[in-house]
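**Q** this is a predicted model, with the sequence first.
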Amino acid sequence: MASFFLENQHLIYIVILSILLGIEVISNVPAILHTPLMSGANAIHGVVIIGAIIVMGHAHSDDYLALILGFLAVLLGTLNVVGGFVVTNRMLAMFKKKKG
């Protein structure tokens, strides 16, 4: 296990820095930009879902870790896309004219 971390130390640093940068960027987004960013996030998560399906398709049937992680990626990506569309729809409904 320790050899894995030593061999992939640079990749682990990149992931950690990406997480910290993402938190910093997202926390400074003004409220008016949330709807366009949600639409962009939906498109990105659509790509994540397709990538996870491809990874699951190429995984060996006895590689349970790849299958479980792929399934979780599909599930969470789908939830994020659906939730993003629900939030975007509700925000856009606020700007529609009221009937009557």
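**A** Structure's in. What do you need?

**Q** give me the low-pLDDT residue ranges for the protein?
**A** 34-35, 38-39, 100 (pLDDT under 70).

**Q** can you get me a residue count around G70?
**A** 20 (other CB atoms under 10 Å). (C-beta placed from N, C-alpha, C; glycine too.)

**Q** now swap in A66 and tell me
**A** Using other CB under 10 Å: A66 sits among 14 other residues.

**Q** G84 now?
**A** G84: 20 surrounding residues under other CB under 10 Å.

**Q** which one is it nearest to, not counting chain neighbours?
**A** Computed as CB to CB, 6 or more residues apart in numbering, the closest residue to G84 that is not its neighbour in sequence is N42, at 4.3 Å.

**Q** host element of that neighbour?
**A** Using DSSP states H and E, the element containing N42 is helix 34-58.

**Q** give me the contacts around that helix.
**A** Contacts with helix 34-58, where a contact means CB atoms under 8 Å, 6 or more residues apart in numbering, come from 29, 66-67, 70-71, 73-74, 77-78, 80-81, 84-85, 87-88, 91-92.
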